[in-house]
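Model the following, please.
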Amino acid sequence: MALEDSHVRRAAHLARIAVSDDQASSFVDDLSRILDMVDQLQSIDTEGVIPLSHPLDATQRLRADEVTETNQRDNFQRCAPAVEEGLYLVPRVVE
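The predicted model follows:
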């Protein structure tokens, strides 16, 4: 598929990026070269090639789930303008 100025302007609109007509034409050339390179990479035969590493193969070292701090909610809420039953009261912002 050949890339055109309209494709670049549409992608810029969707991404909320301001692109002038001059920039769009230069982006067409750049993006076309990038897509050509991707096509070259996809044509490479990778059958039998074992991946060197994969992030899903790693295991996370997890720490023990234990409480390390004391409850200071009452202390923190003393300076709040409005508190009720341990909750901060704020003005309604969504109707």
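
where does M1 land on pLDDT?
Model confidence at M1, given as pLDDT, is 62.

low pLDDT regions in this protein?
1 (pLDDT under 70).

all strands in it, in order from the N-terminus.
In the chain, the segments counted as strands under DSSP state E are 83-84, 87-88.

what does the longest helix along the chain rub up against?
In the chain, assigned by DSSP state H, the helix with the most residues is helix 21-42. If you take C-beta atoms under 8 Å, 6 or more residues apart in numbering as the criterion, helix 21-42 is touched by 2-5, 7-9, 12, 19. Where C-beta positions appear, they are placed from N, C-alpha and C, glycine not excepted.

could the strands of the chain go into a markdown table alongside mean neighbour count and distance to D29?
Rendered in a markdown table, the data for the strands of the chain read as follows (neighbours: other C-beta atoms under 10 Å; distance: least, C-beta to C-beta, whole Å):
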| stretch | mean neighbour count | distance to D29 |
| --- | --- | --- |
| strand 83-84 | 12 | 60 |
| strand 87-88 | 11 | 54 |
